[in-house]
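> whatever this is, show me its structure:
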Amino acid sequence: MSFFKYPFWLLYRVWFYILVAIPIIVLFPLLIISISREEWYRYFFMLARIWSKFILIGMGFGYKIIREETPDPDKSYMFVANHSSMADIMLMLVAVKNPFVFVGKQELAKIPLFGFFYKRTCILVDRSSPKSRQAVFLRAQRRLNQGVSICIFPEGGVPEEHILLDEFKDGAFRLAINHQIPVVPITFYDNKKRFSYTFFSGSPGRMRAKILPFVSTIGLTSTDTKALNAKTRTLIWDELTTNQITKKSYPNQE
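Predicted coordinates for the structure are as follows:
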């Protein structure tokens, strides 16, 4: 590893946090208004998508979204994806146009400025607390009843660098079955390479996301949770390991 790469990576990480902050500062009044009432969340979501595109473009990430199936704007879904990067949140917001609420770890609420909005718009979970997990389930139910979708990274965190895809937790699939909403598997191919949690790593380049065919939960019961979990994970795993993407095969992309 070249010694001269260390200053680049340091500046690259600092630049990322600058890009995170700039739109929040510029859009602050609109963001405050959009989170003042839950029924205005869709406006916040529109601003969050602008924020995400600004960061990805500013970091030099040329993103490509491939859709094997497109979510209906009038329906709710359970969006799930592999988790490998600090940029997963941004790419998810760009890939999915349906307003959704993240279920995420409460530690991110400590990040200055970003955390202020994160804890007011996301469903936070303390994975070490059964009581917290139950509260998450109830909050997610309320948001689904309001017509908003849910997004969960079912690995429960970012796996170690040598793990391509960790085991999935059951929460997302239990919730999807309970509300009889489709599970939408999404694969992020390049995020770990582009901007992983390893500090001295990353570089500009292409980021690809693929929305896989939806997995129906119609007629499933709580006893099918494990099977739904395994089926969804297999879809994402197979896509990660084969990584066969061509414009000819998948014309619906941006």
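
> for the stretch 151-254 of the chain, which spans come out with low pLDDT?
244-254 (pLDDT under 70).

> what's the span of stretch 138-156, first residue to last?
With C-alpha to C-alpha, to the nearest Å applied, stretch 138-156 spans 18 Å between its terminal residues.

> what does it rub up against?
38-39, 41-42, 71, 76-83, 88, 92, 96, 98-104, 123, 127, 165-169, 171-173, 175, 178-179, 181, 229, 232-233 (C-beta atoms under 8 Å, 6 or more residues apart in numbering). (Glycine included, C-beta is placed from N, CA and C.)

> same check on stretch 115-135?
So stretch 115-135 is contacted by 24, 31, 35, 41, 44, 48, 101-106, 108-109, 111, 136, 139-140, 143, 150, 156-157, 171 (C-beta under 8 Å, 6+ apart).

> circling back to that earlier point, of the contacts of stretch 138-156, which count as buried by neighbour count?
41, 71, 76-83, 88, 92, 96, 98-104, 123, 165-166, 168-169, 171-173, 175, 178-179, 181, 229, 232-233 (16 or more other C-beta atoms under 10 Å).

> of the residues you listed, which belong to strands?
Within the buried ones among the contacts of stretch 138-156, residues falling in strands by DSSP state E are Met78, Phe79, Val80, Ala81, Phe100, Val101, Phe102, Val103, Gly104, Ile123.

> which residue is the nearest non-sequential neighbour of Tyr197?
Ranked by C-beta to C-beta, 6 or more residues apart in numbering and with sequence neighbours excluded, the top spatial neighbour of Tyr197 is Val158, at 5.5 Å.

> from what I can see that neighbour touches Asn191, true?
No. With contact defined as C-beta atoms under 8 Å, Val158 does not count as touching Asn191 (10.1 Å).

> with neighbour numbers in mind, choose between the two.
Using other C-beta atoms under 10 Å, the more surrounded residue of Val158 and Asn191 is Asn191, with 23 against 19.

> could you find the closest non-adjacent residue to the more buried one?
Nearest one to Asn191, counting by C-beta to C-beta, 6+ apart, is Ser85 at 3.5 Å.
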